[in-house]
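Trainee: here are the coordinates; sequence isn't available:
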């Protein structure tokens, strides 16, 4: 869905993670670039471990098995993603809800008692597949910065973010209108394609909104300051009426950069 044009002078690595191919580039001296990329891949792996919907040891499995009404400590990263999900849920009028219909609870049934602590009040089966990949990209980019890299790029399938002094030319594939190119600098870009069959099988994926109906078929691309926000907004915009798009994008300082609607 997304393709990047990279100039020479950057160290780059590819690995499998989050059910897709992760590409990381770092603009730095060789030692900093290598240590930064290794830390970035470790951050991606940690997000996957913490936020897998059913894997042993994950925070989401702990919530699924937690005692109703009792506080449960989760990793700060998981708490941050759940809190952002709650904010998105409110802003989208319930369209973004990572709670699966296999349990009765909705995101509004999860109380945020304190940083790192949540309280489930109804049975919850949470699947963060619509936001966690973007968050992993953000954490990987933060790892590159912490290692002293001057710039970098992290591309996880349809979720991408860059930082540094130079702009990156990004190709957005469009089956109907033809490909387009945008410049991305110190920003993130996410694309969601409802018809894409390459999503990880263990994630139930796209959200059903307040009636738990499937979102409309199509593909959408959003740019925002953070990949987690861009990632989640693509799901929201495919779930809500078009007249709600502008207000939701504005509330997260994001912009729509590509939209294919398949009735």
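Mentor: Perfect, I can see it now. No experiment lies behind these values; they were computed from the predicted model shown.
Trainee: Going by C-alpha atoms from here, please, whenever you check contacts or count neighbours.
Mentor: Will do.
Trainee: In this protein, which residue is most central in space?
Mentor: When Cα atoms, centre = their mean is applied to the chain, the residue found nearest the centroid is residue 134 (2.4 Å).
Trainee: Is that one in contact with residue 224, as I believe?
Mentor: No. Applying Cα atoms under 8 Å, one finds residue 134 not in contact with residue 224, separated by 10.9 Å.
Trainee: Common neighbours of the two, please.
Mentor: Common neighbours of residue 134 and residue 224, using Cα atoms under 8 Å, 6 or more residues apart in numbering, are residue 230.
Trainee: returning to what we had before: who touches the residue nearest to the centre of the chain in this structure?
Mentor: Contact analysis of residue 134 by Cα under 8 Å, 6+ apart lists 156, 159-160, 190, 226-232.
Trainee: Could you pick out which of the residues you listed are located in strands?
Mentor: Within these, residues falling in strands by DSSP state E are 156, 159-160, 190.
Trainee: buried subset of those residues?
Mentor: Among the ones in strands among the contacts of residue 134, the ones that count as buried by 16 or more other Cα atoms under 10 Å are 156, 159-160, 190.
Trainee: what are the phi and psi angles of residue 253?
Mentor: When read as degrees, to the nearest 10, the backbone of residue 253 gives phi 50, psi 50.
Trainee: Quick check: beta-bridge partners of the nearest residue to it once chain neighbours are set aside?
Mentor: Leaving out its chain neighbours, the residue that sits closest to residue 253 by Cα to Cα, 6 or more residues apart in numbering is residue 224, at 6.6 Å. Counting by DSSP bridges, residue 224 forms beta bridges with residue 188.
Trainee: neighbours of residue 224, just the number please.
Mentor: Neighbour count for residue 224, taken as other Cα atoms under 10 Å: 22.
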